[in-house]
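**Q** Here's a sequence, model it:
(one chain, ligands or ions: 2)
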Amino acid sequence: MTAGSEEIVVSHLTKHYKTLRAVDDLSFTVHSGRVTGFLGPNGAGKTTTLRMLLGLVAPTAGSATFGGVRYADLEQPIRHVGAVLEASSAHKGRTGLNHLRMICTAAGLPWEAADEALARVGLTPAAKRKFKGYSLGMKQRLGIAAALLGDPRVLILDEPANGLDPEGIRWMRDLLKTLAAEGRTVLVSSHLLGEMQQLADDVVIIAAGRLIRQGPVDEVLGSMAGTAHVRVRTPQVAELTAALSEHRATVTPLPDGALLVTGLDPAAVGHAAFANSVELHELTGERADLEQVFLQLTAGKAGIR
Ligand SMILES: Nc1ncnc2c1ncn2[C@@H]1O[C@H](COP(=O)(O)OP(=O)(O)O)[C@@H](O)[C@H]1O
Ligand SMILES: [Mg+2]
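**A** Numbers count the residues shown, from 1 in each chain. Ligands and ions are numbered 1, 2, ... in the order given. Okay, the predicted model is just below:
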């Protein structure tokens, strides 16, 4: 199979637990050669979706395929899809290298794959150290090494940046970008917008099991940032409100007496005031805080679950 053909296609995927729609008619595509962030608040259904992709949870409805093939129908899945679903666990007394060799043996891969995978995640110096002495970051690297053993075309990581410090996140970003640049399909989940801004080329945002947005991260975040607003203060509230309304701006009075204007930039608000001889005491452009917009987009839908 060629690299380009191993897109992940998720089609009407649904999982009900009794009355809970954990994943609800979810459809999206993950392209090869790019890092795709799978973003949603805790409880949004990310892990359930990834587990369905990997055949670990049976969907109530819908399907997911890799290059057109369901996970269960892949020959030698370890060579197609590598996954890290939770903080990796390994026998405490075993070394990182032996842990990987065991997986190789079980999967019919040569032991050299273990050395290559360790080198790839920068763990060669710790290859012969025991797992119990590994830091959280090293355990996460070992988990990724295990996922890379079969040199898979597709990599799926569930919240891999959890607990990493900024340097660890930079390392993760560089590794994922390199893997994607090799033509692989990389799907990585997170509940933190900031992480996705750093890690992803594309983003799929879900809340309450449903799709909110998908597309290139710049485009999606750009469309979210469209809610920037202007704070303005005037002794002539009625006149200014009337003037701005003619420009189809939305004017919301704030408790402190200022007005919040959306739909116009600061220059346009200033001009409308000037043209109508309205005196201004304050004029401030405020960029939308993306994290806040993300929470607004996803909050009402998620509720407490
Ligand atoms: N085995 C299960 N049985 C019942 N409910 C579950 C099960 N697994 C997950 N859920 C529920 O499904 C929802 C989505 O969970 P999850 O996929 O883990 O979300 P995320 O990974 O986005 O935080 C949550 O409300 C969770 O409690
Ligand atoms: Mg999860």
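**Q** Tell me the spacing between His99 and Arg184.
**A** Distance, His99 to Arg184, by Cβ to Cβ, to the nearest Å: 23 Å. Heads up, the C-betas are built off the backbone N, CA and C, glycines and all.
**Q** likewise Arg70?
**A** With Cβ to Cβ as the criterion, Arg70 and Arg184 are 19 Å apart.
**Q** quick one, which of those two is more surrounded?
**A** Arg184 (22 against 12; other Cβ atoms under 10 Å).
**Q** Does the more buried one touch Ser32 like I think?
**A** Yes. The pair Arg184 / Ser32 is scored as a contact, 6.5 Å apart, by Cβ atoms under 8 Å.
**Q** For this protein, which segments count as strands?
**A** Counting by DSSP state E, the chain has strands at residues 8-17, 20-30, 35-39, 61-66, 81-84, 154-157, 185-190, 202-207, 210-216, 229-233, 250-253, 259-262, 282-286.
**Q** In the sheet, which residues pair with Val9? Tell me.
**A** Thr29, Thr65 (DSSP bridges).
**Q** for this structure, which helix is longest?
**A** helix 166-181 (DSSP state H).
**Q** Tell me what angle that one forms with strand 185-190.
**A** Interaxial angle, helix 166-181 versus strand 185-190 (axes from the mean of the first three to the mean of the last three Cα atoms, to 10 degrees): 150 degrees.
**Q** buried residues in helix 166-181?
**A** Buried residues in helix 166-181, counting neighbours by 16 or more other Cβ atoms under 10 Å, are found at Gly168, Ile169, Trp171, Met172, Arg173, Leu175, Leu176, Lys177, Leu179, Ala180.
**Q** again, but for stretch 181-199
**A** Residues 184-193, 195-199 are the ones in stretch 181-199 that count as buried (16+ other Cβ under 10 Å).
**Q** wait, doesn't Pro253 sit right on Leu240?
**A** No. Using Cβ under 8 Å, Pro253 is not in contact with Leu240, being 10.9 Å away.
**Q** What pLDDT does the model give Ser5?
**A** What the model reports as pLDDT for Ser5 is 60.
**Q** do the one 4 residues further on as well
**A** The confidence metric pLDDT takes the value 97 at Val9.
**Q** Quick check: chain neighbours aside, which residue is closest to the residue nearest the centre of the chain?
**A** The residue lying closest to the centre of the chain (Cα atoms, centre = their mean) is Gly37, at 2.9 Å. Nearest non-adjacent residue to Gly37, counting by Cβ to Cβ, 6 or more residues apart in numbering: Ala200, 3.2 Å away.
**Q** Now for that neighbour: which residues touch it?
**A** By Cβ atoms under 8 Å, 6 or more residues apart in numbering, the contact set of Ala200 is Val35, Thr36, Gly37, Leu39, Val188, Val217.
**Q** what bridges to the second one?
**A** Counting by DSSP bridges, Thr36 is bridged to Leu187, Asp202.
**Q** how about the nearest residue to Thr48, chain neighbours excluded?
**A** Ala22 (4.7 Å).
**Q** Any regions of the stretch 1-150 of the chain where pLDDT drops low?
**A** Across the stretch 1-150 of the chain, residues meeting the criterion (pLDDT under 70) sit at 1-5, 87-89.
**Q** Now it against ligand 2: closest residue?
**A** Thr47 (3.2 Å; Cβ to the ion).
**Q** Test my guess that that residue contacts Asp158.
**A** Yes. Judged on Cβ under 8 Å, Thr47 makes contact with Asp158 at a distance of 5.7 Å.
**Q** mind checking how far the residue nearest to the centre of the chain is from Val237?
**A** 43 Å.
**Q** still on that earlier bit, give me the common contacts of Thr47 and Asp158.
**A** With Cβ under 8 Å, 6+ apart as the test, Thr47 and Asp158 both reach Leu85, Ser189.
**Q** what does the stretch 1-150 of the chain have sitting close to ligand 2?
**A** Taking Cβ under 5 Å from the ion as the criterion, the stretch 1-150 of the chain approaches ligand 2 at residues Lys46, Thr47.
**Q** Residue numbers of the stretch 1-150 of the chain in contact with ligand 1?
**A** Tyr17, Leu20, Ala22, Gly40, Asn42, Gly43, Ala44, Gly45, Lys46, Thr47, Thr48 (Cβ under 6 Å from any ligand atom).
**Q** let's see 5 Å
**A** Tyr17, Ala22, Asn42, Gly43, Ala44, Gly45, Lys46, Thr47, Thr48 (Cβ under 5 Å from any ligand atom).
**Q** Just give me the closest of these to Ala127.
**A** Nearest to Ala127 among these, counting by Cβ to Cβ, is Thr47 at 29.9 Å.
**Q** mind listing what that closest one touches?
**A** Thr47 sits next to Leu85, Asp158, Ser189 when contact means Cβ under 8 Å, 6+ apart.
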